[in-house]
Every structure is written in C-alpha cells, then in structure tokens.
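*Asks:* Okay, sequence plus prediction incoming.
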Amino acid sequence: MSLEGNAAPEFELEGSDGRKHTLGEYAGKTLVLYFYPRDNTPGCTKEACGFRDLSSHLAELNAVVLGVSKDSLKSHDKFIRDFTLPFTLLSDPHCAVMTAYGAFGEKVLYGKRSMGTIRSTTIIGPDGIVRKQWHTVKKAETHPAEVLAYLTGQP
C-alpha cells in the first residue's frame with residue numbers, strides 16, 4: 001500500500017522527550033518518520049546512528065526525524081543515551097501507527113513468515129502529504145544517506 005501523494009495518517013504517540021507528538025505539530029516542516037523493529041539491535045543501531053550523523057544536514061533542510069518502534073519509552077531512553085541520538089523516538093506499543101503507515105505486517109525472515117515491524121521510512125511534506133515512502137529498507141546502515149539524497153534532490 002503506497003501512501004505517496006496522499007495525506008499522511010494522523011498520529012498521536014508518546015515520545016522519549018516526555019510529551020505526546022502529533023502529525024499536526026509538524027506542519028510547515030518536512031517529517032522523516034522512520035519505523036524500526038527494536039532498540040539496541042545491530043541494524044536498528046546502524047540506522048539510528050546514520051540519522052544521528054546526518055542530523056545537522058537534515059536540520060538545514062527543515063527536516064525533523066522521528067523514529068518509531070513498539071519499544072517502551074524506558075527502552076528508548078537507554079537507546080538514546082547509549083548512542084547520543086539527537087532526535088525523539090516514539091513508542092507505538094499497539095502498533096496502530098505502524099499499521100496505518102504500512103510498517104507492521106507479515107514479514108519473511110530466513111523463509112519463516114511472522115508478523116512484526118517492517119523497517120520502512122515515510123517522508124511527509126510541510127503540507128502533510130506523503131512525498132516518499134520506502135516500504136522495506138534493505139540496508140539500514142546506508143538508508144539515512146538515501147533519505148538525505150532524496151531530500152536534496154540527488155539521484
């Protein structure tokens with residue numbers, strides 16, 4: 001299911017900064033909403049650190065990064081501390097927002113089917129319209145650079 005060209009699904013989730021976050025508060029900014037399976041795991045750590053390392057470039061583009069997983073806020077706090085992450089992580093314990101964005105569903109890992117978080121990213125424009133959606137991120141470590149390249153209009 002592609003959301004590109006459509007209004008982004010509304011959300012309200014608790015953030016690692018101690019407050020609720022909604023889609024509406026990011027009006028006028030580009031929102032990079034990245035969904036990942038679990039805090040402090042190898043792929044998720046590489047992806048988060050990639051976004052961390054590019055955070056100043058993303059900020060120059062008026063882009064805000066939010067990470068979303070079903071992990072608890074306590075888990076998010078440790079992940080942020082351990083890797084000095086400069087952005088907010090949102091907790092979606094019931095997977096409702098992840099489902100709305102196509103980031104939760106059937107996955108196949110080593111031939112085994114299961115339900116879980118699908119590593120994916122959605123870029124929402126300042127007007128609330130989905131500009132770009134990566135349904136499945138294949139290489140967590142290089143994906144943040146791919147996002148930056150998209151935002152700067154580079155191939």
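*Replies:* Okay, I see it. Residues are numbered from 1 along each chain as shown.
*Asks:* And residue 108, how far from residue 57?
*Replies:* Distance from residue 108 to residue 57, counting by Cβ to Cβ, to the nearest Å: 34 Å. To be clear about C-beta, it is placed using only N, CA and C from the backbone, and glycine gets the same treatment.
*Asks:* meant to ask about residue 103
*Replies:* Residue 103 is 24 Å from residue 57, where distance means Cβ to Cβ.
*Asks:* Compare those two and say which is more crowded by neighbours.
*Replies:* Just comparing residue 103 and residue 57: by other Cβ atoms under 10 Å the higher neighbour count belongs to residue 103, 27 against 14.
*Asks:* ranges for the helices of the chain?
*Replies:* Secondary structure of the chain (DSSP state H): helices at 42-53, 55-60, 73-83, 96-100, 143-151.
*Asks:* Out of these, which is closest to residue 33?
*Replies:* helix 96-100 (8.7 Å; Cβ to Cβ).
*Asks:* where does this protein dip in pLDDT?
*Replies:* 155 (pLDDT under 70).
*Asks:* how far away is the residue of the chain positioned farthest from its centre from residue 67?
*Replies:* Distance from the C-alpha centroid of the chain peaks at residue 111, with 25.7 Å (Cα atoms, centre = their mean). Per Cβ to Cβ, residue 111 is found 28 Å from residue 67.
*Asks:* go on, residue 2?
*Replies:* Relative to residue 67, and taking Cβ to Cβ, residue 2 is found at 22 Å.
*Asks:* These two - which one has more neighbours?
*Replies:* residue 67 (26 against 9).
*Asks:* What segments of this protein are strands?
*Replies:* 12-15, 20-22, 30-35, 63-69, 88-91, 104-109, 112-117, 120-124, 130-134 (DSSP state E).
*Asks:* what packs against the fifth one?
*Replies:* What it means is strand 88-91. Helices and strands touching strand 88-91, by 3 or more Cβ pairs under 8 Å, 6 or more residues apart in numbering; DSSP states H and E, are strand 12-15, strand 63-69, helix 73-83.
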